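**Student:** let me see the structure of the following:
(one chain, ligands or ions: 2)
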Amino acid sequence: MTHVITSLCLRDGGCVTVCPVECIVPGKPTDEWPLFYIDPDTCIDCGACVPECPWEAIFPEDEVPAAFKGKDGQRLSMPVGTAGFDVAYDGTNHDGEAVHLDATKVLKAGEVVDLTPAIQTNKDYFSKGPGYSAA
Ligand code: SF4
Ligand code: SF4
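**Tutor:** Ligands and ions are numbered 1, 2, ... in the order given. As a prediction, this is how the structure comes out:
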């Protein structure tokens, strides 16, 4: 199995340094790949990344919620051009560096969203991601 980063990810980056097998990488370019991604072939399912995420974006693959209930003001991030994702996000990451995302959606309290498409997107990143480098 693997762990999966869902569209709740806002590129904090805090999960990267705790991964013992260094299988979490930032998506590039961000307009096409706005999340961080976990290489499913390398992840050993240790779970160390989960508590490091301030946005609670990481789940074991078999626990990614199909009916996630959002909190008021919580955001999802998707590739630029995704319908309904038209709010820019400006924040800071784990190291205090600026983070800008063009295509996010702000959730209302109790809004239900399916986070499971992230399972395939994470797999796709390592097979098709133009910015991915194993180095
Ligand atoms: S800590 Fe969370 S928000 Fe930050 S890169 Fe990892 S999954 Fe994304
Ligand atoms: S579960 Fe463990 S091995 Fe997998 S991405 Fe998270 S920290 Fe890395």
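**Student:** run through the strands of the protein in chain order.
**Tutor:** 3-5, 24-26, 36-38, 58-60, 68-69, 75-77, 87-92, 98-106, 112-113 (DSSP state E).
**Student:** direction included, what does the last one pair up with?
**Tutor:** When you say that, I think you mean strand 112-113. Applying DSSP bridges, strand 112-113 is found paired with strand 68-69 (antiparallel).
**Student:** which outside residues touch the partner strand?
**Tutor:** By Cβ atoms under 8 Å, 6 or more residues apart in numbering, the surrounding residues in contact with strand 68-69 are 6, 8, 110-115. Glycine gets a C-beta too; all of them are placed from N, C-alpha and C.
**Student:** tell me which helix or strand of this structure sits lowest on mean pLDDT?
**Tutor:** One helix or strand of the chain scores below all others by mean pLDDT, DSSP states H and E: helix 117-128, with a mean of 92.
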